[in-house]
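Enquirer: Following is a predicted model, sequence given first.
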Amino acid sequence: MTPKEELDQLSTKELHDRAIEVARHRSDVGFLWDLVKALPVAEELIGADSRSKVDIMRPLALINDFYASGEGQLGEALRPLFLDYLEQHTPE
C-alpha cells in the first residue's frame, strides 16, 4: 500500500490530528495559517455560510472552528487539505 493509500484509510479526525502534530513539530505556521484561511471556504461549502460572515465575534468563532476543524462536515470539507499536507511532509 502506498503512503497516500495508507493516509486515505485514516479517519478525517486522525488526518487532522496528524497534520496538526506534524505542523507543530515542524513549527509550520504556514500550514496552520492555510487551515485558518480555508475555514470560511469550507464552511461555505457545507452550507454554514452564516458562520463564514465577518463580524465582531468572528475571531473567537474562528478559533473555535480551528480546534473543531477535524470533526463532522467541516472536517470532511478540509480533508483534502490534511491529506495534501501529510503527503508532502510524511517520510516514506
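Expert: Cool, the structure landed.
Enquirer: which stretches of the chain have low pLDDT?
Expert: 49-58, 91-92 (pLDDT under 70).
Enquirer: can you pull out the helices in it?
Expert: 3-8, 12-26, 29-45, 58-67, 72-89 (DSSP state H).
Enquirer: Now mean neighbour count too, for those, in a markdown table please.
Expert: For every residue, glycine as well, the C-beta is placed using N, CA and C. Shown next, in a markdown table, are the helices of the chain (neighbours: other C-beta atoms under 10 Å):
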| stretch | mean neighbour count |
| --- | --- |
| helix 3-8 | 13 |
| helix 12-26 | 17 |
| helix 29-45 | 16 |
| helix 58-67 | 13 |
| helix 72-89 | 17 |
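Enquirer: Who's the closest spatial neighbour of Ala19, skipping the chain neighbours?
Expert: Leaving aside its sequence neighbours, Ala19 sits nearest to Phe82 (C-beta to C-beta, 6 or more residues apart in numbering; 4.3 Å).
Enquirer: residues touching that neighbour, list them.
Expert: 12, 15-16, 18-19, 70 (C-beta atoms under 8 Å, 6 or more residues apart in numbering).
Enquirer: May I see those organised as TSV, with distance to Val36 added?
Expert: Converted to TSV, the contacts of Phe82 look like this (distance: C-beta to C-beta, whole Å):
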residue	distance to Val36
Thr12	18
Leu15	17
His16	14
Arg18	18
Ala19	13
Gly70	14
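Enquirer: Start and end of stretch 6-13, how far apart?
Expert: With C-alpha to C-alpha, to the nearest Å applied, stretch 6-13 spans 15 Å between its terminal residues.
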